[in-house]
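> below is the structure, and that's it, no one-letter string:
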């Protein structure tokens, strides 16, 4: 007799099999989210899961809740409209590094600046996976991708640093070899009021693995990521030295600030209520 | 704060700027969410919204760009809001992506485009084709063309009602001419303003099939968070909302999405006729250009020329029935527009074989004068 994983109760009926490649990191992150959601007893009737375009963006398609999908980079404006009109919704975004930091990068910094009450889970697989392995703004230097046949020359974005600088109030980064810490971080984000960004550095065996790392083996890809990862010694610090191909992991920021309620608010909070800006 | 400022509807006679009339119309229609990005000549809409919306419990958002604005509007509408954005031509470019999503996912919303010349704020009607064809993929769109401050109010109300009825984005085609003009505006009492609300599911979530509808109908639309757990994807989706690559599903979906507008053309496409009974020369005009066109018809009549006017209050979908009926009786249709001559192609499409179609175009950043249009009528007569 087959025993179903108890978390399948949170999956949209009939949505399996999923479309992720064997060994995909995004599918692991979906698992972490379900574990965290189950732990905090998230009300799936009030959950709006949002994905743009890309592999990670498909996660909401499999969740048994209201979901928005299919436009590249606009997850945060969607969430902002829904959340401002109906504050009792729980808006959770699943974004790849393309959605989050390339086409949607402008929305990211402004949502963080506003402290929009949304959870943004970023699966950073270091390339454009769905489209076939092109370089992303997150691809480490000197790696070969489909659009950088002689090696990447651009400096990569540190998505967490970007979010912290812009004003995000909960920021963590883990990788898909650190599922326990990552799941804890998602659970904290689900209970946090304000802009939370949880980044996972994740393996993409099919495209980043085969092209940039010259191995399609998920385990090898994950090992490469973890070998280039370091856990921050203390919260709040991202070591800036030796940034190339090095992923600083940790729970960096968790603080309380008034959440965004629109650009024109009668009786808006005073400067002291807002805290330091 | 004075008590009347808090009122959603401010009945009575006003002397008001066109852009502000749009805001009052939106509020009267039930708008409770606005997002916009600064751009001239649409700024007074945002500025007036920023003051008026919080007073009535609505949300005002100044987006970081037009993309943010249009998607915040669709997000709010999904959550149950009556939502609107306003922009001007260059900003309208950016919004096409979001309009395409709203069409495909059937999300009611209102977009006001205060048309301006590229890079400058002079008068134009150059976006008339962008409004129709700007978004990628197959779609129909409803575009209303007001010609006065009063109509900016009236048509904005109508735009919300059509958006709710057909579950689709509706564009209010404004222009520098009327948006930045002050005119008399009469706002009726609330009871005299017809309001349409989207159809909500009549069954419980376990019975609900989110995209099941009659071939030319918009399905019921539950709010996010109401327990219906709907997937709203841009991708081709079946009646359950599931992403599907079955070509039959794709064909059926877009036949319904476009059909709900094309099949209801006669109910949506509104026109106004002047002297069409015996008109041999029928002027066709929309938006502010219908004002000098109307005057030119009177000038022609006083000179014994049997001219008339067919004014298109709805630019898209095309009022094909009314146009064909007028063309059957006319010798010439004269299309008056403030661009290089764009909508005239539609008139030629509908009226070719029925009568001759001529063009009176002006693309100089200014509205036609009645004398200029009268001159075009004279040239046809000769």
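Thanks, I have it. Given the structure is predicted, the values throughout are model-derived calculations rather than measurements.

> mind listing what residue 163 touches?
Went with chain A since none was named. Residues near residue A:163 by CB atoms under 8 Å, 6 or more residues apart in numbering or on different chains: A:108, A:109, A:112, A:171, A:195, A:197. From N, CA and C alone the C-beta is placed, and that goes for glycine too.

> sorry, I should have been clearer: chain B.
Applying CB under 8 Å, 6+ apart, the residues contacting residue B:163 are B:108, B:109, B:110, B:142, B:169, B:170.

> so what's the third one bridging to?
For residue B:110, the beta-bridge partners are residue B:84, residue B:170 (DSSP bridges).

> my read: it touches residue B:174, true?
No - taking contacts as CB atoms under 8 Å, residue B:110 lies outside contact range of residue B:174: 11.6 Å.

> same list, the contacts of residue B:163, but as TSV with neighbour count please.
Converted to TSV, the contacts of residue B:163 look like this (neighbours: other CB atoms under 10 Å in any protein chain shown):
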residue	neighbour count
B:108	29
B:109	29
B:110	32
B:142	25
B:169	31
B:170	28
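
> grab the two from those residues that are most spread out in space.
Pairwise distances across the contacts of residue B:163 (CB to CB) peak at 11.4 Å, for the pair B:109 and B:142.

> tell me the confidence at residue 78?
Since you didn't name a chain, this refers to chain A. Looking at residue A:78, its pLDDT is 98.

> the intended chain is chain B.
For residue B:78, the model assigns a pLDDT of 98.

> please report phi then psi for it.
Per-residue torsions, residue B:78: phi -60, psi -30 (degrees, to the nearest 10).

> ok, it - contacts?
Contacts of residue B:78 by CB under 8 Å, 6+ apart are A:68, A:78, A:81, A:82, B:107, B:223, B:224, B:232.

> of all the residues you listed, which comes closest to residue A:264?
For these, the nearest to residue A:264 is residue A:81 (15.3 Å; CB to CB).

> counting by contacts, list what the helix or strand harbouring the closest one packs against.
Taking DSSP states H and E as the definition, one finds residue A:81 inside helix A:75-85. If you count contacts as 3 or more CB pairs under 8 Å, 6 or more residues apart in numbering or on different chains; DSSP states H and E, helix A:75-85 packs onto strand A:47-51, strand A:90-96, helix A:105-114, strand A:118-124, strand B:33-36, strand B:59-62, helix B:66-78.

> pipe the ones you listed into a markdown table and attach distance to residue B:371 per row.
Shown next, in a markdown table, are these (distance: least, CB to CB, whole Å):
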| stretch | distance to residue B:371 |
| --- | --- |
| strand A:47-51 | 56 |
| strand A:90-96 | 57 |
| helix A:105-114 | 49 |
| strand A:118-124 | 58 |
| strand B:33-36 | 38 |
| strand B:59-62 | 43 |
| helix B:66-78 | 38 |
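
> among the ones you listed, which is nearest residue B:155?
When the helices and strands packed on helix A:75-85 are compared by CB to CB, strand B:33-36 sits nearest residue B:155, at 16.9 Å.

> pLDDT score for residue A:266?
88.

> wait, what's in contact with the closest residue to it other than its chain neighbours?
Sequence neighbours aside, residue B:54 is the residue nearest to residue A:266 in space, at 4.7 Å (criterion: CB to CB, 6 or more residues apart in numbering or on different chains). Contact analysis of residue B:54 by CB under 8 Å, 6+ apart lists A:262, A:264, A:265, A:266, B:60.

> joint contacts of residue B:109 and residue B:142?
With CB under 8 Å, 6+ apart, residue B:109 and residue B:142 have common neighbours B:163, B:169, B:170.

> quick one: the residue of the stretch 251-382 of chain B at minimum distance from chain A and residue B:244, what's the gap?
At 13.3 Å from chain A, residue B:253 is the closest residue in the stretch 251-382 of chain B, using CB to the nearest CB. For residue B:253, the distance to residue B:244 (CB to CB, to the nearest Å) stands at 9 Å.

> residues near residue B:352, how many?
Neighbourhood size, residue B:352 [other CB atoms under 10 Å in any protein chain shown]: 11.

> okay, it: pLDDT?
At residue B:352, the pLDDT recorded in the model is 92.

> can you pull the contacts of it?
With CB under 8 Å, 6+ apart, residue B:352 has no contacts at all.

> 10 Å instead, please
residue B:327 (CB atoms under 10 Å, 6 or more residues apart in numbering or on different chains).

> all helices for chain A, in order.
For chain A, helices defined by DSSP state H occupy the ranges A:25-39, A:59-62, A:75-85, A:97, A:105-114, A:159-166, A:179-190, A:218-227, A:271-274.

> so residue A:100 touches residue A:112, yeah?
No - using CB atoms under 10 Å as the test, residue A:100 is too far from residue A:112 to be in contact (11.0 Å).

> and for the two, which residues touch both?
Contacts common to residue A:100 and residue A:112, judged by CB under 10 Å, 6+ apart, are A:76, A:120, A:162, A:163, A:197.

> now the strands: where do they sit in the stretch 201-350 of chain B?
Assigned by DSSP state E, counting those that start in this stretch, the strands in the stretch 201-350 of chain B fall at B:231-233, B:271-274, B:281-286, B:307-312, B:314-316, B:332-337.

> show the average pLDDT along the fifth one.
Confidence for strand B:314-316, expressed as mean pLDDT, is 98.

> again, but for the second one
In this model, strand B:271-274 has an average pLDDT of 98.

> for residue B:168, see how far away residue B:264 is.
Going from residue B:264 to residue B:168 by CB to CB gives 11 Å.

> any shared contact partners between these two?
The overlap between the contact sets of residue B:264 and residue B:168 (CB under 10 Å, 6+ apart) consists of B:140, B:142, B:162.

> understood, closing this out.
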